[in-house]
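> Mind folding the following:
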Amino acid sequence: MQKAVMDKSRLTIPVAWHQETLLSAAPGATNIPLPITLGTTWDPELVAATYEMVALESRAAGADVAYFPELNMYTDPRFGRLQEGFSEDPTLTSEMAVASVLGIQGGPGSPTTYLDSNHTIALAKHWVAYGDSAGG
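Below is the predicted model:
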């Protein structure tokens, strides 16, 4: 499909195929726990390993961009999507976000593990003014 797109593109710019990876990498892939559940483990190595598997399955499904981590910081417990973030604690959320990015993208600075054919680009989302609901 990439070849067909590039052959018909005047500028031959490749397409970035993306995948929502909150719970899984693709239809039929491994279903993983919600981020709030992973946050309760306080185990960044487990989170990195989990999202390394998600990256591998995303690549197998043809994606090269993963929509994760979701960096929700909750200021109101009545907000209806608390499960999408790791924690209400900024320190824990930061640690888990770094671990998930390293799992998705691979280790920094190493050409053999960083964004190789088993990893994808991590696209952080929901980090500005998300979850700050007025009145719930």
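
> how much space between the nearest residue to P35 once chain neighbours are set aside and L46?
Leaving aside its chain neighbours, P35 sits nearest to F86 (4.9 Å; criterion: CB to CB, 6 or more residues apart in numbering). (Glycine included, C-beta is placed from N, CA and C.) Plainly put, F86 is 12 Å away from L46 if you go by CB to CB, to the nearest Å.

> Mutual contacts of these two, please.
Overlap of the contact sets of F86 and L46 (by CB atoms under 8 Å, 6 or more residues apart in numbering) consists of L38.

> the more surrounded of these two?
Each of F86 and L46 has its neighbours counted (other CB atoms under 10 Å); F86 has more, 28 against 14.

> do you know how far the residue nearest to the spatial centre of the chain is from T21?
For the chain, F68 is the residue whose C-alpha lies nearest the centre (CA atoms, centre = their mean; 2.0 Å). Separation of F68 from T21 (CB to CB): 4 Å.

> E70 now?
For E70, the distance to T21 - CB to CB - is 10 Å.

> the more surrounded of those two?
T21 (27 against 22).

> can you pull the contacts of that one?
T21 neighbours (CB under 8 Å, 6+ apart): 51, 54, 58, 66-68, 104.

> repeat that with 6 Å
With contact set as CB atoms under 6 Å, 6 or more residues apart in numbering, T21 has these partners: 54, 66-68.

> Using PyMOL, make a named selection holding only the buried ones among these.
The buried residues among these can be selected in PyMOL (16 or more other CB atoms under 10 Å) with this line:
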select buried, resi 54+66+67+68
